[in-house]
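# Kindly generate the corresponding structure for this input.
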Amino acid sequence: MTTAGRFIMIVVKDDLLILRETLQRFVDSRLRPLVAEYEANQRFPIDVTREMGQLGCFGAGFPESVGGAGLGKLGQTLVIEELSHASGGIAATTLVQFLSIYPLYLHGTTEQQSMYLKPAILGERMAAIAVTEPNHGSNVAGIETVAVPDGSGYRIKGQKMFITNSPFADFMVVAAKTPGSDPHHAITLFVVDRNSPGVIIGGHLKKLGWWTSETAPVYFDNCWVPAAQVIGEAGAGFYYIMEDFNYERLLLSASSIGLAQEALAVAKAYATSRSQFGVIIAEFQAVRHKLAQMAVRLEAGRQLLAHAATVADEADDFSELASMAKYFCGEMVNQVAYDAIQILGGAGYLQDHPLERIYRDARIMTIGGGTSEVQLNIIAKRMGL
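Numbering: from 1, shown residues only. Next up, the predicted model:
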């Protein structure tokens with residue numbers, strides 16, 4: 001039986017409810033007032049990172065032994081969902097912070113965890129993960145950045161693309177090819193400090209959405225790193241990245257849920273207050289049916305994600321459910337955002353309206369973390385096709 005065939009009763013724990021309520025207050029009081037300014041400047045509000053760390057935004061899913069809240073994958077998805085109500089870009093920065101340090105939690109040395117993992121959980125140090133390259137996105141095994149053995153360390157040379165958090169990250173987890181004939185056993189992960197000689201952060205990339213996250217290319221010009229900066233086993237990096245990608249798909253699904261919930265709330269509020277032809281437009285069957293369909297799609301996505309995250313907390317292999325959640329929620333949020341703007345009409349098309357931002361932020365959800373087509377390929381393969 002596949003993981004998708006299992007049924008698990010999902011029980012929301014008191015500590016998860018407390019976390020949600022705390023995050024909702026933080027989003028409303030601290031983040032929403034900042035979004036317009038930072039969207040306009042296309043920058044992340046870096047001054048709030050320590051506060052976010054104290055609230056558990058970067059560590060809800062980690063155990064208490066390393067400074068986390070011990071709430072597992074379900075807890076971390078909750079964080080991303082709630083932050084997405086304020087801004088998809090802020091949620092993206094947070095999930096990248098978490099994913100960057102996840103390999104350090106699973107495979108890092110005690111020294112690496114002390115120097116990088118624990119400060120990052122607290123928001124004292126910011127992180128990025130550098131895997132994607134100009135010619136290689138989903139094809140991780142094909143990356144061209146190399147790490148050549150040199151004395152007591154390695155020299156890294158190559159280029160990474162679309163690296164979220166890189167403009168301000170204190171360190172990066174970098175994937176590079178090391179000697180080996182099998183491409184799946186020739187990738188090694190390194191933790192590289194931003195100020196290491198040979199690390200060059202490129203110019204800020206302007207994106208369609210996620211304006212409150214910062215993204216840039218990163219260049220490694222013969223950057224020497226000591227062997228102590230290798231994460232886990234040399235040559236095992238491909239499999240570490242796959243672990244990260246499965247988790248990423250859960251977190252991106254959570255962001256889709258948060259964005260869709262926000263879009264539905266905005267559309268419902270508008271439809272129940274806007275009058276045309278002397279009638280509140282929510283009374284028109286076409287509008288109320290559209291709102292009902294949005295609610296059904298949202299709830300289906302929420303339950304699929306909750307099931308996937310619950311399985312992920314209990315099982316080692318949750319890739320099929322992660323891909324199902326990523327595919328469904330990514331497609332769902334784009335439809336919900338589209339329908340929300342359709343209900344608002346011209347008002348939702350204006351740049352100063354929250355729905356315009358949600359619509360832009362939603363578009364990445366069928367692309368980032370593996371396209372919808374990649375997710376369908378994974379699901380089909382698990383079906384034996």
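
# Beyond the strand or helix carrying A147, next helix or strand please.
For A147, the host element (DSSP states H and E) is strand 146-150. For strand 146-150, the following helix or strand on the C-terminal side (DSSP H and E) is strand 153-164.

# Report the contact partners of L74.
By C-beta atoms under 8 Å, 6 or more residues apart in numbering, the residues touching L74 are 16, 306, 309-310, 313. The way it works is simple: take the backbone N, C-alpha and C, and place the C-beta from them, glycine included.

# so how many other residues sit close to the residue nearest to F26 when sequence neighbours are not counted?
Closest residue to F26 apart from its sequence neighbours, by C-beta to C-beta, 6 or more residues apart in numbering: L55 at 5.9 Å. L55 has 20 neighbours, counted by other C-beta atoms under 10 Å.

# May I ask you to confirm that L55 is in contact with Q24?
No - L55 lies out of contact with Q24 (C-beta atoms under 8 Å); the separation is 11.2 Å.

# re the thing from before, so which of the contacts of L74 are in helices?
Counted as lying in helices by DSSP state H, out of the contacts of L74, are 16, 306, 309-310, 313.

# And for the helix or strand harbouring E51, what's in contact with it?
Secondary structure from DSSP H and E places E51 in helix 49-55. Contact with helix 49-55 is made by 22-23, 26, 30, 58-59, 94, 121-124, 126, as judged by C-beta under 8 Å, 6+ apart.

# at 10 Å instead, please
Residues outside helix 49-55 that contact it (C-beta atoms under 10 Å, 6 or more residues apart in numbering) are 19, 22-23, 25-26, 30-31, 45, 48, 57-59, 67, 69, 79, 83, 90, 93-94, 97, 119-126, 168.

# For S114, state which of the ones in helices among the contacts of L74 is nearest.
In terms of C-beta to C-beta, no member of the ones in helices among the contacts of L74 lies closer to S114 than D313, at 25.7 Å.

# measure the closest one to K118 for me?
Distance, D313 to K118, using C-beta to C-beta, to the nearest Å: 22 Å.

# The two: which has the busier surroundings?
Taking other C-beta under 10 Å, D313 and K118 do not tie; K118 has more neighbours (19 against 16).

# Please, a ChimeraX command that selects the buried ones among the contacts of helix 49-55?
To isolate the buried members of those in ChimeraX, using 16 or more other C-beta atoms under 10 Å:
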select :19,23,26,31,45,48,57,58,59,67,69,79,83,90,93,94,97,119,120,121,122,123,125,126,168
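
# Which ones among the contacts of helix 49-55 map onto helices?
Checked against DSSP H, the contacts of helix 49-55 include these in helices: 19, 22-23, 25-26, 79, 83, 90, 93-94, 97, 119-121.

# from those, which two are the most distant?
Farthest pair in these, by C-beta to C-beta: R25 and P119, 25.3 Å.

# which ones are touching H204?
Counting by C-beta under 10 Å, 6+ apart, H204 has contacts 42-43, 166-167, 214-217.

# out of those, who's nearest I231?
For the contacts of H204, the nearest to I231 is S166 (17.8 Å; C-beta to C-beta).

# Tell me if I am right that that closest one is in a helix.
No - using DSSP: H, G, I helix; E, B strand; the rest coil, the secondary structure at S166 is coil, not a helix.

# That one reaches T215, doesn't it?
Yes - counting by C-beta atoms under 10 Å, T215 is a contact partner of S166 at 7.1 Å.

# ranges for the helices of the chain?
Using DSSP H, helices in the chain cover 14-26, 32-41, 49-55, 72-86, 88-107, 110-112, 118-121, 237-271, 285-314, 319-344, 354-363, 372-382.

# Go through the ones you listed and name the closest to A147.
helix 237-271 (9.7 Å).

# Now do the closest one against helix 372-382, angle only.
Interaxial angle, helix 237-271 versus helix 372-382 (axes from the mean of the first three to the mean of the last three C-alpha atoms, to 10 degrees): 120 degrees.

# quick one: buried residues of stretch 122-139?
For stretch 122-139, using 16+ other C-beta under 10 Å, the buried residues are 122-123, 125-133, 136-137.

# what's the strand holding A147 packed up against?
Packed against strand 146-150 by the contact rule (3 or more C-beta pairs under 10 Å, 6 or more residues apart in numbering; DSSP states H and E) you find strand 153-164, strand 171-177, strand 187-193, strand 215-226.

# Could you rerun that using 8 Å?
If contacts are counted by 3 or more C-beta pairs under 8 Å, 6 or more residues apart in numbering; DSSP states H and E, strand 146-150 sits against strand 153-164, strand 171-177.

# coming back round to it: most neighbours, which of the ones in helices among the contacts of L74?
A309 (27 neighbours).

# surely that one meets I80?
No - A309 lies out of contact with I80 (C-beta under 8 Å); the separation is 10.7 Å.

# List the single closest residue to the residue most central in space within the chain in space, sequence neighbours excluded.
Taking C-alpha atoms, centre = their mean, the centroid of the chain lies closest to L95, which sits 3.9 Å from it. The shortest distance from L95 to any non-neighbouring residue, by C-beta to C-beta, 6+ apart, is to L251 (4.2 Å).

# And G368, by the same measure?
Nearest to G368 is L252, by C-beta to C-beta, 6+ apart, at 6.3 Å.

# ok, the residue lying farthest from the centre of the chain to L291 distance?
Using C-alpha atoms, centre = their mean, the residue of the chain lying farthest from its centre is G278. It sits 44.1 Å away. From G278 across to L291, the span is 20 Å (C-beta to C-beta).

# now swap in K268 and tell me
Where L291 is concerned, K268 sits at a distance of 6 Å (C-beta to C-beta).

# which residues do those two both contact?
A282.

# pretty sure Q335 is touching R297, no?
Yes - in this structure Q335 lies within contact range of R297 using C-beta under 8 Å: 6.4 Å.
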